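S.K.: Provided below are the primary sequence and the corresponding predicted coordinates.
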Amino acid sequence: MNKWIIGFSLLCCVACNKSAPMLSKLPNDAVILAFGDSLTYGTGASAQHDYPAILAQLTGREAINAGVPGEISQEGRQRLSAALDEYQPNLLILIHGGNDILRQIPADQTRDNLKAMIAEAKQRNIQVVLIGVPQFGLVFLHSAEIYSEIAESEKIPSDLETLPKILATNELKSDTVHPNDQGYQRLAENIAALLKQQGAL
C-alpha cells in the first residue's frame, strides 16, 4: 500500500511539472507589442540592442518597441489602449511597474494598473506575457511579490527570474537599474525561450 501511495505521489509530481502550454502559436506575420518603461525602451543599450529589436531577430516576428522611459504604471494604463488599437498585436509583453517601485507608489495601485492593462489586452483577444521587475535594493534576487500574484490570478505566462538575475550581475548592467547590451540580449533570449516553452513559437 505504501509503495502504491509513493508511486502515485511521484506520478502526480511529474504531471504537475509538465503543465500544458498557455499560449497559442503565433503566425509568421504576427505582431508582438513590447510595452513598458525604460526597460523596454532600452535605456543603457546601444542602437538596435534593446530587447524588442533582439526578440524580433530571434522569433522572426515583428516586435514593436512601445517603451517610454520614466513612465509609471498609471500612465502606461492610460496609454495602452491606443497602442493596442494602432498596432493590433497578437501578443503583448508587459514589463511595467519599475518606476512605481522606485517612487514608492503603493503596490496595490501598481497591481490594479497592471491587471487593468492585462484585461485591456484580453478584451481584444490578445495574448499576454508578464515579466517581473525586482524590488530595487541592495540585492536583486526576486521580482516584487505582485508579479507572481498577478500571473497566477490572471493565468498568464510569466518570467519572474530573468530581470532580477540580470540586475544582480554587474557585467550585465549599464547602471543600477538598467541592463547593458549583454543584459538586454539575455532578456530577449529568455523571453524567446519562454514563448517557445509556452507554445507561441
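M.R.: Alright, I've got the coordinates.
S.K.: Can you report phi and psi for residue 127?
M.R.: phi -70, psi 150 (degrees, to the nearest 10).
S.K.: Need the per-residue pLDDT for the nearest residue to it once chain neighbours are set aside.
M.R.: Once flanking residues are discounted, residue 127 sits nearest to residue 91: 4.8 Å by Cβ to Cβ, 6 or more residues apart in numbering. The way it works is simple: take the backbone N, C-alpha and C, and place the C-beta from them, glycine included. In this model, residue 91 is scored at 98, pLDDT.
S.K.: What of the one 3 residues further on?
M.R.: Looking at residue 94, its pLDDT is 98.
S.K.: Please name the residues that touch it.
M.R.: 35, 36, 114, 117, 118, 128, 129, 130, 131 (Cβ atoms under 8 Å, 6 or more residues apart in numbering).
S.K.: mind checking the SS state of residue 66?
M.R.: The assignment at residue 66 comes out as strand when based on DSSP: H, G, I helix; E, B strand; the rest coil.
S.K.: And the helix or strand harbouring residue 163, what does it pack against?
M.R.: If you go by DSSP states H and E, residue 163 is part of helix 162-167. Helix 162-167 sits against helix 181-197, with contacts defined as 3 or more Cβ pairs under 8 Å, 6 or more residues apart in numbering; DSSP states H and E.
S.K.: got the residue ranges for the strands in this protein?
M.R.: Remark: strands assigned in the chain by DSSP state E are 31-36, 62-67, 91-95, 127-131, 158-159.
S.K.: what's next to the second one, contact-wise?
M.R.: Yep, that's strand 62-67 we're talking about. 29-42, 50, 52-53, 55-56, 83, 87, 89.
S.K.: Tell me how many other residues surround the residue nearest to residue 127.
M.R.: The local packing of residue 91 (other Cβ atoms under 10 Å) involves 22 other residues.
S.K.: cool, the one 5 residues further on as well?
M.R.: Residue 96 sits with 27 neighbouring residues when counted by other Cβ under 10 Å.
S.K.: could you list every residue that touches it?
M.R.: Neighbour list for residue 96: 35, 36, 37, 71, 73, 76, 113, 114, 117, 133 [criterion: Cβ under 8 Å, 6+ apart].
S.K.: Could you dump those into JSON lines and include distance to residue 169?
M.R.: Shown next, in JSON lines, are the contacts of residue 96 (distance: Cβ to Cβ, whole Å):
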{"residue": "35", "distance to residue 169": "25"}
{"residue": "36", "distance to residue 169": "20"}
{"residue": "37", "distance to residue 169": "21"}
{"residue": "71", "distance to residue 169": "25"}
{"residue": "73", "distance to residue 169": "26"}
{"residue": "76", "distance to residue 169": "27"}
{"residue": "113", "distance to residue 169": "29"}
{"residue": "114", "distance to residue 169": "25"}
{"residue": "117", "distance to residue 169": "28"}
{"residue": "133", "distance to residue 169": "16"}
